[in-house]
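A.B. asks: sequence first, then the predicted structure:
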Amino acid sequence: MPTLLTQILWLFVLAIPIACVAWTVTHEEVFREPREWCQRRSVQGKTIWTRKFFYLFTCEYCFSHYVTIGFLIFTGYKLLIDDWRGYILAGFALVWIANVYMSLFGLIRVSMKAEGLEAKIEEKKLEAIEPEK
């Protein structure tokens, strides 16, 4: 069993690609068409199972659980306990940290977009003033 420090380091590092994959699939333009299709299916599905299944691909929190399971299988990472319980602890801890990362990224991104819009507004104001000179 790795040391506690090594496990914690793995926790914070492994959450980065989990957050990256979950955010990319649920927010970025490259997956827009499949995400919109899943959104339609999550609303129009005939059964609750169909609606819930397709909803998973539109919610970063929900999707991060499945990405985490994939990463746990891929890496074999366990947290604190060296049996199946370590996988359960690792799974929930990774989901939580990954979602903190995604929330921070979302806040930063919104802030950057707001600054960009403010800069464009200022440019338009300057352009409107310059012809008057």
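C.D. replies: Nice, I can see it.
A.B. asks: report the central residue of this protein.
C.D. replies: Centroid-nearest residue in the chain: Trp23, 3.0 Å away (criterion: C-alpha atoms, centre = their mean).
A.B. asks: distance of that residue from Val13?
C.D. replies: Going from Trp23 to Val13 by C-beta to C-beta, to the nearest Å gives 16 Å. For every residue, glycine as well, the C-beta is placed using N, CA and C.
A.B. asks: what's the longest helix in the protein?
C.D. replies: Longest helix in the chain by number of residues, with DSSP state H as the criterion: helix 84-129.
A.B. asks: quick one: contacts for the residue nearest to Tyr55 when sequence neighbours are not counted?
C.D. replies: Leaving aside its sequence neighbours, Tyr55 sits nearest to Ser42 (C-beta to C-beta, 6 or more residues apart in numbering; 4.0 Å). Residues counted as contacts of Ser42 (C-beta atoms under 8 Å, 6 or more residues apart in numbering) are 51-52, 54-55, 58.
A.B. asks: make TSV from those and add secondary structure, pLDDT and distance to Phe105 to it.
C.D. replies: Converted to TSV, those look like this (DSSP: H, G, I helix; E, B strand; the rest coil; pLDDT from 0 to 100; distance: C-beta to C-beta, whole Å):
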residue	secondary structure	pLDDT	distance to Phe105
Arg51	helix	92	28
Lys52	helix	91	26
Phe54	helix	92	24
Tyr55	helix	92	22
Thr58	coil	89	18
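A.B. asks: pull out the buried residues from stretch 42-57.
C.D. replies: The neighbour-count check on stretch 42-57 (16 or more other C-beta atoms under 10 Å) flags 42, 54-55, 57 as buried.
A.B. asks: wait, which of the residues you listed is closest to Met102?
C.D. replies: Nearest to Met102 among the buried residues of stretch 42-57, counting by C-beta to C-beta, is Phe57 at 15.2 Å.
A.B. asks: and Tyr101, how many neighbours does it have?
C.D. replies: 19 (other C-beta atoms under 10 Å).
A.B. asks: since that was my last question, I'll sign off now.
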